[in-house]
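J.: okay, here's the prediction I keep looking at, along with the sequence it came from:
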Amino acid sequence: MEQHGGSSSQKRHAVCIPYPAQGHINPMLKLAKLLHARGFHVTFVNTDYNHRRILRSRGPHALEGLPSFRFETIPDGLPWTEVDAKQDMLKLIDSTINNCLAPFKELILRLNSGSDIPPVRCIVSDASMSFTIDAAEELKIPVVLLWTNSATALILYLHYQKLIEKEIIPLKDSSDLKKHLETEIDWIPSMKKIKLKDFPDFVTTTDAQDPMISFILHVTGRIKRASAIFINTFDNLEHNVLLSLRSLLPQIYFVGPLQILENREIDKNSEIGRLGSNLWEEETESLDWLDTKAEKTVLYVNFGSLTILTRDQILEFAWGLARSGKEFLWVVRSGMFLSETENRGLLIRGWCSQEKVLSHPAIGGFLTHCGWNSTLESLFAGVPMICWPFFADQLTNRKLCCDNWGIGIEIGEEVKRERVEAVVKDLMDGEKGMRLREKVVEWRCMAEEASAPPLGSSYANFETVVNKVLTGHD
């Protein structure tokens, strides 16, 4: 694990700012740690609201940082709320666009006025926080964007404007939605046999002023102004998409999976390795419980931090899991009532270390919402998936996992206990599950090759951006 040091005056100072949601904070923190390992002074910027949530979940000293890795905050522009209250995502999107630029620039000016740290030389920003592009242009410093979804999702989002021009979206009405979603789109480069149902689900809107569509157009319209764009994926996984994207955005670099790069370079027990970003309190019971189970006998169930299940969906999943006869570890948010399954598996209320759970030998499958982080973590762990996407790019990831890469089974939109029982048995014990497991291990090997120094494609791409864009060396 190589550390590239340097005095304060010699260090380059990178300001890293994620979009304020768990699935965006985690990959940005990995990226920030990798920059720190290369000698950068890092300032990691959370919103005030998430700063308070992290302190509550990880303890009052969790964000004290290190002399060369510091945490700062900016307001998100929304009214003050208690940390237990859920933020309105549409209001948060609007507020980040309209209210965050000024406090972000003020933060950078304050950092630059300090004598104990080097001046800010670059910004590394979540692509959804595109106000940072304006700040970078004013300061005349490079800005690298991190795209935290798949490359496939990006190329689909980049063509939303054309969907509007072709009058494919918004829908005139929702009465014939199923038929509409079967519409095949054959004019997007590298996208074969893709239907509207495989797009991020914002294509189902009937609102010509839909705020999510407006946000997508806002982000994709500005992304070309970035100095470079990191995507948390790797060449073999989305090679044809990479070629097509480079014709639209030449400054694209595949640098994933960031989890593997982090594992190779950052000692988990070091001060920098112990820095975390959980918005929920992390439990420790699950790994002890898994230690008592045989290899590949437990199904891990986690629908992510934003999925909202109905009471009926919870019951159908619960009874399907129970009828399968398989042991399971189910992570649930507070408020989900699951007494029907309490004696059939381990229920974790809160947050667990998903990377550690998926890498445990006892885990034989993953029932997932198909978030991109979860997809990559499952792939890296060599764990096949049962796919039940909820919204946004999760539908695209379902298509990739089940149809393109051969590492997942689709459960279907409507949750029925009989179907849940059948796919769990198929994944854990059936021939299909065996084939999926073999395939996901193949992808894992390719991911490791891409991340290996010095010639792995993701490793080399990361070094190129660090040396030529962020540092300015040839």
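T.: Perfect, thanks for sending it.

J.: what about the chain, any weak spots by pLDDT?
T.: Residue ranges of the chain with pLDDT under 70: 1-10, 61-62, 81-87, 279-281, 305-307, 333-344, 350, 472-474.

J.: surely residue 331 is in a helix?
T.: No - applying DSSP: H, G, I helix; E, B strand; the rest coil, one finds residue 331 to be strand, outside a helix.

J.: show me what contacts it?
T.: 286, 301-302, 348, 350-352, 354 (CB atoms under 8 Å, 6 or more residues apart in numbering). C-betas here are computed from N, CA, C, even on glycine.

J.: so which of the residues you listed are in strands?
T.: 301-302, 348 (DSSP state E).

J.: redo those residues as TSV? Include distance to residue 63 and neighbour count.
T.: Shown next, in TSV, are the ones in strands among the contacts of residue 331 (distance: CB to CB, whole Å; neighbours: other CB atoms under 10 Å):
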residue	distance to residue 63	neighbour count
301	31	24
302	25	22
348	24	20
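
J.: thinking again about what came up before, go through the contacts of residue 331 and name the one nearest residue 31.
T.: residue 354 (18.1 Å; CB to CB).

J.: now that closest one, nearest residue through space, not along the chain?
T.: Distances taken as CB to CB, 6 or more residues apart in numbering place residue 377 nearest to residue 354, at 6.0 Å, with adjacent residues excluded.

J.: what strand or helix carries the one you found?
T.: helix 372-381 (DSSP states H and E).

J.: for that helix, name the packing helices and strands.
T.: With contacts defined as 3 or more CB pairs under 8 Å, 6 or more residues apart in numbering; DSSP states H and E, the packing partners of helix 372-381 are helix 22-37, helix 258-265, helix 354-358, strand 363-368, helix 431-451.

J.: of those, flag the one that's most buried.
T.: With neighbours taken as mean count of other CB atoms under 10 Å, these reach their highest mean count in strand 363-368, at a mean of 26.

J.: which SS class is the residue lying farthest from the centre of the chain?
T.: Using CA atoms, centre = their mean, the residue of the chain lying farthest from its centre is residue 115. It sits 35.4 Å away. The three-state assignment at residue 115 reads coil, by three-state DSSP.

J.: any idea how far it is from residue 15?
T.: 18 Å (CB to CB, to the nearest Å).

J.: same question, residue 230
T.: Counting by CB to CB, the gap from residue 230 to residue 15 is 15 Å.

J.: repeat for residue 459
T.: 24 Å.

J.: got it, and residue 317?
T.: Relative to residue 15, and taking CB to CB, residue 317 is found at 42 Å.

J.: then residue 227?
T.: 14 Å.

J.: out of these two, which sits in the busier spot?
T.: For residue 227 versus residue 15, neighbours defined as other CB atoms under 10 Å are more numerous around residue 15 (26 against 18).

J.: doesn't that one fall inside a helix?
T.: No - counting by three-state DSSP, residue 15 is located in no helix; its state is strand.

J.: who is it paired with across the strands?
T.: residue 43, residue 123 (DSSP bridges).

J.: touching, it and residue 121? I think so.
T.: No - judged on CB atoms under 8 Å, residue 15 makes no contact with residue 121 at a distance of 9.1 Å.

J.: dump the helices and strands packed on helix 372-381 to a markdown table, plus distance to residue 126.
T.: A markdown table is the format used below for those (distance: least, CB to CB, whole Å):
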| stretch | distance to residue 126 |
| --- | --- |
| helix 22-37 | 5 |
| helix 258-265 | 13 |
| helix 354-358 | 20 |
| strand 363-368 | 22 |
| helix 431-451 | 21 |
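
J.: among the ones you listed, which is nearest residue 273?
T.: helix 22-37 (7.5 Å).

J.: what angle do the closest one and helix 372-381 make?
T.: Interaxial angle, helix 22-37 versus helix 372-381 (axes from the mean of the first three to the mean of the last three CA atoms, to 10 degrees): 60 degrees.

J.: start the count at 22, not 1, going forward
T.: All right, first residue 22 from here; so that's helix 43-58.

J.: kindly format the C-alpha coordinates of helix 43-58 as PDB.
T.: Extracted C-alpha coordinates of helix 43-58, given in PDB (Å, rounded to 0.1, in the frame of the first residue of the first chain):
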ATOM      1  CA  GLN A  43     -25.700   7.300   1.000                       C
ATOM      2  CA  GLY A  44     -25.200   5.700  -2.400                       C
ATOM      3  CA  HIS A  45     -23.300   8.700  -3.600                       C
ATOM      4  CA  ILE A  46     -21.300   9.500  -0.500                       C
ATOM      5  CA  ASN A  47     -19.700   6.000  -0.300                       C
ATOM      6  CA  PRO A  48     -18.000   6.000  -3.700                       C
ATOM      7  CA  MET A  49     -16.900   9.600  -3.300                       C
ATOM      8  CA  LEU A  50     -15.200   8.700   0.000                       C
ATOM      9  CA  LYS A  51     -13.400   5.800  -1.600                       C
ATOM     10  CA  LEU A  52     -12.200   8.200  -4.300                       C
ATOM     11  CA  ALA A  53     -11.100  10.800  -1.800                       C
ATOM     12  CA  LYS A  54      -9.100   8.200   0.100                       C
ATOM     13  CA  LEU A  55      -7.300   7.100  -3.100                       C
ATOM     14  CA  LEU A  56      -6.400  10.700  -3.800                       C
ATOM     15  CA  HIS A  57      -5.100  11.100  -0.200                       C
ATOM     16  CA  ALA A  58      -2.900   8.000  -0.800                       C
END
